[in-house]
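>>> return a 3D structure for these sequence lines:
(chains A and B)
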Amino acid sequence: MFPQIKFSAGPKVVILYKLLNDSLLVMLTFFMLTLLAEGALPGIISSHIGLYKIVIAILVNILAITAIGKIIKAPENATNKKIVETRLIASLLIICALLLFNSLLKLNIYLNIFILITLFVISYFLIRVFQEEK
Amino acid sequence: MTLDLTAHIKLDKKNLRLYRILQVIFYLSAISLATYFAIRILFPTSYFIFDFNKPFAKSNNIYDMHDNTKLVPGKGILPANATLNFNASLFDFFSKALVTFSLDKKSAPLQSGSVLVKKSFRAFLYPDGAIMGFKDGTLLKSEGNYYIVFNGKMHKFAKPNLVTELGYAPEAFREVTPIEINYNKKGDSITKAQYPNKTFFRVNDEYYLLQSEHLQKFISANAFLSQYDSNQAIVKDTSFLSTFKPSNNLIGFADGSILSYGDTIYITNGKNILPVDSPETFLSKGYAWEDVIPVSPEEIALYVKEKNFTIASLHSNGTIFKTSESGNHYLIQDGKKRLLPSTNVVASWLKKNPIMVSRDSLSLTNSCLLKKDALSANSYSCEIPIANMQNLLGSDYEFFAKSSSAIQIDTVNIEFKKDVTRDNLLLTLSRIFNRVKNNYVPTN
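A predicted model of the protein is given here:
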């Protein structure tokens, strides 16, 4: 199914690269759940673990993945890219909508929904404008 | 389906096996770490510190640190057998408290020492003051005689017809026993048809107080009703106002009143108001939402805004505590807890819900003996079980530490810990549920 790739680095570095990808998924999941919990009950997580620590860990992880990716010359997974992106964007949008709705909770519910829809429509068209080919 | 985010990067069989093993170890570690954080969140530990080298630092969250002289011991020097008293305030219930004293390098070693803890509201742990009498302005009758209380003394109307002559409503006089009359010192009798001090008047729904021949206006009817009953005021028309000199001072709400303006709730204390920092503090301090009085900008402008009322703040003067066991009422006044000896005395003071406390708080104590820490040369600590204090009402733990030898303390640390038990888990979950409810379910 996949082409056999010849890596310039040893297999141990490739294993490290794969494990770093796994850890990125775990950390992003943890960060997303933390944001949701913090949105619902401010302070429930941040009073125990500083959120900045998770962000720093994620950034370090991404930097490490990028650096090792360059060393091993890892190719992007082109076949799955579109599906992953669509799923990722959909789930991020849902989380974003939840957090926004929660932050505007004290507003009138219809105004809250109106602001959310307007925001997403504007964002959608903005992205379309940026993606337009010259 | 396997969980492999980098399936496009192929490994040979040997390395794939190694990767799978490492992957399993990684995910198990991640699950363990998540479980550890979940335990930390569900069974939290609260940390408190006091640094004698920086006694006024904001980072000190142990309050009211003092020795027998009622002052913070200078440089942390505690004489032999002197008691060091300090407080920590908490929202939550805990199972044990680990108290650690880190001594200065120059300090002599601690020979033997102990720590004792009580739980309640700090103000309820005040020393007992004298029994409280009726509130100034209270109208009383006993055995056919009529009385008014002012300047803390009981003044008798020499003739009962003086009462009607002056325009008092006879039903405003509360019937009390002769013993209750003696709760206030005896003052001079009122012999002339002249309004005594602490007489209240109502003119067009505005309330006034007669004080030293001056009429002082209450800022609002609500301000008057937070202290007295409406029938205590003699109804007059506007022409009456010219009879006495007006006073520029407006009278506000009773001490300890709960006011709401905008999104903030304030507790009154004399001329000051303290904004309550959170709904959790409000409820943990025993206040009831139904006692909140919405006020106007003019009413709030009468007060000076002070620093926030937090979980560590003391209940203000005028707070009335009621013991859940015996139903006794106590009034907080100038650092003393004063018993209100009868229901009639209580009625003269109490115009809102009292703060419920546990009488057992005064007698139930837990203690431990300080021991030298194995890992630190200058640290002494001990763990006090406090699970049996969970049912006591109150948010403050008051500690009393004693050392048989003179010592110099650098820091005092307290760690409140929760045992990992089903009961504690349910307690934490119910607290989380209540917080969600407070945040998301409208109260009206």
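>>> just give me the neighbour total for whichever residue of the stretch 251-400 of chain B sits closest to chain A.
The minimum distance from the stretch 251-400 of chain B to chain A, using C-beta to the nearest C-beta, falls at B:D263 (9.2 Å). C-beta coordinates here come from the backbone N, C-alpha and C atoms, glycine included. Here the number of neighbours of B:D263 (other C-beta atoms under 10 Å in any protein chain shown) works out to 6.
>>> ditto for A:K106
Counted with other C-beta under 10 Å, residues neighbouring A:K106 total 7.
>>> sec struct for it, please.
coil (DSSP: H, G, I helix; E, B strand; the rest coil).
>>> on that earlier part again, per-residue confidence at the residue of the stretch 251-400 of chain B closest to chain A?
Looking at B:D263, its pLDDT reads 87.
>>> now find how far off-centre the lengthiest strand in chain B is within its chain.
Across chain B, the longest stretch assigned as strand under DSSP state E is strand B:407-417. Relative to its parent chain, strand B:407-417 has a centroid offset of 24 Å by C-alpha atoms, centre = their mean, to the nearest Å.
>>> can you list the domain ranges for chain A.
Using automatic domain parsing, the domain parsing of chain A gives A:1-75, A:78-134.
>>> hang on, the earlier thing: distance of the residue of the stretch 251-400 of chain B closest to chain A from B:E299?
16 Å (C-beta to C-beta, to the nearest Å).
>>> got the buried residues for the longest helix that chain A contains?
The longest helix of chain A (DSSP state H) is helix A:11-40. Neighbour counts over helix A:11-40 (16 or more other C-beta atoms under 10 Å in any protein chain shown) mark A:11, A:14-24, A:26-27, A:30, A:34-35, A:37-40 as buried.
>>> ok, then the element right after that helix?
helix A:51-72 (DSSP states H and E).
>>> which other helices and strands does the longest helix of chain A contact?
Judged by 3 or more C-beta pairs under 8 Å, 6 or more residues apart in numbering or on different chains; DSSP states H and E, the packing partners of helix A:11-40 are helix A:51-72, helix A:78-103, helix B:13-42.
>>> those helices: which one's closest to B:D229?
Taking C-beta to C-beta, helix A:78-103 is the member of the helices and strands packed on helix A:11-40 nearest to B:D229, at 45.7 Å.
>>> any idea of the mean pLDDT in the helix or strand following the closest one?
Next helix or strand after helix A:78-103 toward the C-terminus (DSSP H and E): helix A:109-131. Mean pLDDT, computed over helix A:109-131, is 85.
>>> what residues are up against residue 37?
In the absence of a named chain, this looks at chain A. A:44-45 (C-beta atoms under 8 Å, 6 or more residues apart in numbering or on different chains).
>>> switch to chain B, please.
Taking C-beta under 8 Å, 6+ apart, we find B:F37 in contact with A:48-49.
>>> model confidence score at it, please.
pLDDT recorded at B:F37 is 89.
>>> what about the helices in chain B?
In chain order, chain B shows helices spanning B:13-42, B:161-166, B:178-181, B:221-225, B:279-284, B:297-301, B:343-349, B:422-440, with DSSP H as the criterion.
>>> isn't B:L427 right up against B:S95?
No. Counting by C-beta atoms under 8 Å, B:L427 sits too far from B:S95 to count as a contact (10.4 Å).
>>> which of these two has more neighbours?
Neighbours were counted for B:L427 and for B:S95 using other C-beta under 10 Å; B:S95 has more, 20 against 17.
>>> mind checking how far the more buried one is from B:V357?
Plainly put, B:S95 is 22 Å away from B:V357 if you go by C-beta to C-beta.
>>> then A:L51?
Separation of A:L51 from B:V357 (C-beta to C-beta): 38 Å.
>>> ok, the residue lying closest to B:S361 once chain neighbours are set aside - contacts?
Closest residue to B:S361 in three dimensions, ignoring its sequence neighbours and counting by C-beta to C-beta, 6 or more residues apart in numbering or on different chains: B:S120, at 3.4 Å. Neighbouring residues of B:S120 by C-beta under 8 Å, 6+ apart: B:357-358, B:361-362, B:392-394, B:396, B:398.
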